[in-house]
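> Dropping a prediction and its sequence here:
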Amino acid sequence: MNNTGKLRPGGAITALVTPFRDGEVDGAALEDLVEWQVLSGVDGLAICTAAGEGPTLSPQERRMVLDICIRTAADRIPVIAAAGTNCTESTIALIRDAKECGARAVLVTAPYYSKPGQKGIVRHFERIAAATDLPVLIENAPARTASDLTMETLERLAAFEAVVAIVDSTGDIARFANLPPALRQRFRFLSGHDATALSFHLSGGDGIVSAAANILPQLVTSLQKAAYGSHISAAFALSDRLLPVVAALGPEDDPARLKYALQILRGTPSDLRLPLVPIESGSCFAIAKSLAPFIGGSVARMALSL
């Protein structure tokens, strides 16, 4: 199947956290987050990613999360379902569930842990592309999967019509900037790395799948719009405001840090599922300090009162 529709992912797509309360998905808090994201102007939501603790969700919980997000978004923005696993058939099963729920596209990583090699990665995505008519975004996240997509692999993936975009989470701007024109025209390219979002866009990128947009969706969206509109001075000014928060959140899109920041900003529950645990007091203080310009008040009081 290769009917990928007209979805052209770009702009600011939030890798949304999944709120928990007392060990269960907090549906009301999730609805609130989705509505806030939509009203903040983001261009899409990526659900059940690593930032959303997707690997800790049961199949039933994944469907619940997707149902809530899709119902609340109400076609105002596309909902993209993360569906990466280390088993091709399991990935296809998640993609089928996502389609049944009404997702507009799926986000899939290379198989993690099994380290299949480049030939295996190509075969994995060939099978996926043949099994779905949803648009497929492929995330290259070697820090998480232990597999890095080579140039040759990208060229082979270009043959699969269902694959519409590459999410580059490497942070390697030079490598992206040196991609051949044919590949840059074939795929939409989105960053998966908040710290280099502006550099990625200025090198020809089309947007970002952003963890920081959980916290400051309007700022992340405004940065992308400024860069897309060639308002470069404004984009740099917005980036300068965002980067201290990105630095405090750390390089790994840690749900514990994201949820702590959301607890400060919106009172969203910061519960986690093992193996993730709450952050240490030093990180709490750093996050509160980075958010102070956006909410005012005493940094120490914010950090210690939660």
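Done, it's in.

> Rounded mean pLDDT for stretch 230-248, please.
Throughout stretch 230-248, pLDDT has a mean value of 96.

> buried stuff in it?
By 16 or more other Cβ atoms under 10 Å, the buried positions in stretch 230-248 come out as 235, 238-239, 242-243, 245-246, 248. From N, CA and C alone the C-beta is placed, and that goes for glycine too.

> Which parts of this structure are helices?
Secondary structure of the chain by DSSP state H: the helices cover 27-39, 59-73, 88-101, 117-131, 142-145, 151-157, 173-177, 181-186, 197-202, 217-228, 232-249, 255-266, 281-295, 299-304.

> For Thr109, find the nearest of those.
Between Thr109 and the helices of the chain, the shortest separation by Cβ to Cβ is 5.3 Å, and it involves helix 142-145.

> Can you show me the CA trace of that closest one as PDB?
Coordinates of each C-alpha in helix 142-145 appear next as PDB, following Å, rounded to 0.1, in the frame of the first residue of the first chain:
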ATOM      1  CA  PRO A 142      21.400   6.200  17.100                       C
ATOM      2  CA  ALA A 143      21.800   7.200  20.700                       C
ATOM      3  CA  ARG A 144      18.600   5.200  21.500                       C
ATOM      4  CA  THR A 145      18.700   2.400  18.800                       C
END
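
> Distance from the chain centre to that helix, please.
The chain centroid and the centroid of helix 142-145 are separated by 14 Å, computed with Cα atoms, centre = their mean, to the nearest Å.

> buried stuff in that helix?
Buried, per 16+ other Cβ under 10 Å, within helix 142-145: 144-145.

> quick one: contacts of it?
For helix 142-145, the external contacting residues (Cβ atoms under 8 Å, 6 or more residues apart in numbering) are 50, 109-113, 148, 169-170, 252.

> farthest-separated two in these?
Within the contacts of helix 142-145, Pro111 and Glu252 form the most distant pair, 19.8 Å apart (Cβ to Cβ).

> Put together a markdown table for the helices of the chain, with distance to Pro9 on each row.
Formatted as a markdown table, these follow (distance: least, Cβ to Cβ, whole Å):
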| stretch | distance to Pro9 |
| --- | --- |
| helix 27-39 | 16 |
| helix 59-73 | 15 |
| helix 88-101 | 15 |
| helix 117-131 | 16 |
| helix 142-145 | 20 |
| helix 151-157 | 16 |
| helix 173-177 | 16 |
| helix 181-186 | 14 |
| helix 197-202 | 14 |
| helix 217-228 | 12 |
| helix 232-249 | 20 |
| helix 255-266 | 21 |
| helix 281-295 | 27 |
| helix 299-304 | 35 |
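
> If I average pLDDT within each of the ones you listed, which one is lowest?
Among the helices of the chain, helix 299-304 scores lowest, with a mean of 46.

> Tell me, how many residues neighbour Pro251?
Pro251 has 12 neighbours, counted by other Cβ atoms under 10 Å.

> Could you measure from it over to Gly171?
Distance of Pro251 to Gly171, computed by Cβ to Cβ, to the nearest Å: 8 Å.

> Overlap in contacts, these two.
With Cβ under 8 Å, 6+ apart, Pro251 and Gly171 have common neighbours Ala195.

> more crowded one of Pro111 and Glu252?
Pro111 (22 against 13).

> about what we covered before: the buried residues of stretch 230-248: which two are farthest apart?
Ala235 and Ala248 (21.0 Å).

> quick revisit: just checking: the least confident one among the contacts of helix 142-145 is which?
Among the contacts of helix 142-145, Glu252 has the weakest pLDDT, 75.

> how about the nearest residue to that one, chain neighbours excluded?
Ala143 (7.7 Å; Cβ to Cβ, 6 or more residues apart in numbering).

> Give me the distance between that neighbour and Gly171.
9 Å.

> Likewise for Asp133?
Distance from Asp133 to Gly171, by Cβ to Cβ: 32 Å.

> between these two, who's got more neighbours?
Gly171 (17 against 13).

> ok, the closest residue to the more buried one other than its chain neighbours - how many residues close by?
Nearest residue to Gly171, sequence neighbours excluded (Cβ to Cβ, 6+ apart): His193, at 4.2 Å. Neighbours of His193 under the rule other Cβ under 10 Å: 25.

> gap between His193 and Phe160?
From His193 to Phe160 the distance is 24 Å (Cβ to Cβ).

> cool, and Val65?
Val65 is 27 Å from Phe160, by Cβ to Cβ.

> neighbour-wise, which of the two wins?
Using other Cβ under 10 Å as the criterion, Val65 and Phe160 rank with Val65 on top: 25 against 18.

> so what's the more buried one up against?
Here Val65 is in contact with 18, 25, 30, 47-48, 52, 57 (Cβ under 8 Å, 6+ apart).
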